[in-house]
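>>> Structure here, sequence nowhere to be found:
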């Protein structure tokens, strides 16, 4: 069984470039699962795991890049799934709220 401590501290044993590649892969996998789960289920909190660890172990710039990538994947998935938004304003608002959430999280950790 994997301990909670290991889930948080594993990046300190690897190079920053390797760690960032793993985080990008995690965000992409979460994005795929998010798309497959459908628009009724939000995985925005799950994206926070690689973003948080990137802020700690790689730096805030990498964390912001992952935040942008996660929002792009979320919004791209909604567009690909033809989610029935009542207005484009709602679509943009949802993306901005996610980005703001990740931005506050990154600032708190920096």
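That came in fine, so what should we check first? Owing to the predicted nature of the structure, the values given are computational and were not obtained by experimental measurement.
>>> CA only for contacts and neighbour counts going forward, please
Noted.
>>> list the contacts for residue 71?
By CA atoms under 8 Å, 6 or more residues apart in numbering, the contact list for residue 71 reads 95, 98-99.
>>> For ChimeraX, what selects the buried ones among those?
Written as a ChimeraX command, the selection of buried residues from these, which uses 16 or more other CA atoms under 10 Å, is:
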select :95,98,99
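>>> how near is the nearest residue to residue 41 once chain neighbours are set aside to residue 71?
Nearest residue to residue 41 in three dimensions, chain neighbours excluded: residue 34, at 7.7 Å (CA to CA, 6 or more residues apart in numbering). Distance, residue 34 to residue 71, by CA to CA, to the nearest Å: 11 Å.
>>> hmm, back to that, help me confirm that the residue nearest to residue 41 comes into contact with residue 43.
Yes - between residue 34 and residue 43 a contact is recorded at 6.0 Å, counting by CA atoms under 8 Å.
>>> more crowded one of the two?
residue 34 (22 against 16; other CA atoms under 10 Å).
>>> Which helix or strand contains that one?
helix 16-37 (DSSP states H and E).
>>> now the end-to-end length of stretch 35-45.
Span of stretch 35-45 from end to end, CA to CA: 15 Å.
>>> Over to stretch 76-95?
Using CA to CA, the end-to-end distance of stretch 76-95 comes out at 10 Å.
>>> And for that stretch, what's in contact with it?
31, 34-35, 38-39, 71, 74-75.
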